[in-house]
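Novice: Show me the folded form of this:
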Amino acid sequence: MHISLDNQVALVTGASSGIGAGAAKALAEAGAAVVLNYHSQAAPAEALATQINQAGGRAIAIGADVSNEAEVERLFAQTLEAFDHLDILVANSGLQKDAAIANMSLDDWNTVIGVNLTGQFLCARAALRIFNRQGLRPGVSRAAGKIIHMSSVHQLIPWAGHVNYAASKGGVEMLMRSLAQEVSEQRIRVNGIAPGAIRTAINRDATQGDAEQALLKLIPYARVGDVEDVANAVVWLASDASDYVVGSTLFIDGGMSLYPEFRHNG
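Specialist: Sure thing, here's the model as predicted:
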């Protein structure tokens, strides 16, 4: 199956590293022009944009805090200024500020909810407004727009010591499903991806040495995921190959969400 995103524009939030960077690169390789959003890491986002452009693609990097309404509106306005339209949003920005609940500050709670959940709401709202103004673009995509919400296996699996993160990801699931229910009749597709353990910089300590061996006990498929595992799914969900997929979450986790501790009856 050949997937082409030619003549489409994708905006990827949190695209300076990890899953966001991998998704942006894969979307560009499939033919999309890509806007790489970053918050504090301008250099790697700009380097990736240069790499995509030198390879014959089209990309720009734009800094914005997705938890800030004014900055989100500026981000989407600059996207339209650069590329005239928008077809795909990958709402990927996320962070962790971990602590036991008794020691978790309100600021750490609010920061995580602000980026991981409110940020996805603000970006989805901005994208939906653009999709509605544009309408269908025959010959480009069967959908009027596609939104992919990046969640986590922890939208399903409780995570002690990370209640702000887990709560944000549970919220992302219901945000995605509720949006899909609301806007699918407008031919806008909203779906989610829930990665498990992926080999990224933020997970470096947990995915090497003895820590990796312990982690593998939670992964029936017996390997840690790579960024490309998620990026390939992003491209598929953004394409017409998945045109009848609406309001679904694709778990990319090697089976982690199967609760492998119960393989032998607990």
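Novice: Which helix or strand in the protein has the lowest average pLDDT?
Specialist: helix 209-216 (a mean of 86; mean pLDDT, DSSP states H and E).
Novice: any idea which helix or strand comes after that helix?
Specialist: helix 227-238 (DSSP states H and E).
Novice: Quick one: mean pLDDT for the next helix or strand after that following helix?
Specialist: Counting by DSSP H and E, the next helix or strand C-terminal to helix 227-238 is strand 249-252. The average pLDDT within strand 249-252 is 98.
Novice: Strand 249-252 packs against which elements?
Specialist: Applying 3 or more C-beta pairs under 8 Å, 6 or more residues apart in numbering; DSSP states H and E, one finds that strand 249-252 contacts strand 188-195, helix 227-238. The C-beta positions use only the backbone N, C-alpha and C, and glycine is treated the same way.
Novice: from what I can see Leu122 touches Glu69, true?
Specialist: Yes - taking C-beta atoms under 8 Å as the definition, Leu122 is a contact partner of Glu69 at 5.8 Å.
Novice: neighbour-wise, which of these two wins?
Specialist: Remark: of Leu122 and Glu69, Leu122 carries more neighbours, 24 against 15, as counted by other C-beta atoms under 10 Å.
Novice: pretty sure the more buried one belongs to a helix, no?
Specialist: Yes - assigned with DSSP: H, G, I helix; E, B strand; the rest coil, Leu122 falls within a helix.
Novice: which residues touch it?
Specialist: By C-beta atoms under 8 Å, 6 or more residues apart in numbering, the contact list for Leu122 reads Val66, Ser67, Glu69, Val72.
Novice: switch to 7 Å and redo it
Specialist: Counting by C-beta atoms under 7 Å, 6 or more residues apart in numbering, Leu122 makes contact with Val66, Glu69, Val72.
Novice: How about Asn37?
Specialist: With C-beta under 7 Å, 6+ apart, Asn37 has these contacts: Leu11, Val12, Thr13, Gly14, Ala15, Ile62, Ala64, Leu75.
Novice: coming back round to it: among the contacts of Leu122, which are located in helices?
Specialist: With helices taken from DSSP state H, the overlap with those comprises Glu69, Val72.
Novice: Put together JSON lines for the contacts of Leu122, with pLDDT and distance to Gln213 on each row.
Specialist: Output for those, formatted as JSON lines (pLDDT from 0 to 100; distance: C-beta to C-beta, whole Å):
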{"residue": "Val66", "pLDDT": "98", "distance to Gln213": "35"}
{"residue": "Glu69", "pLDDT": "98", "distance to Gln213": "44"}
{"residue": "Val72", "pLDDT": "98", "distance to Gln213": "41"}
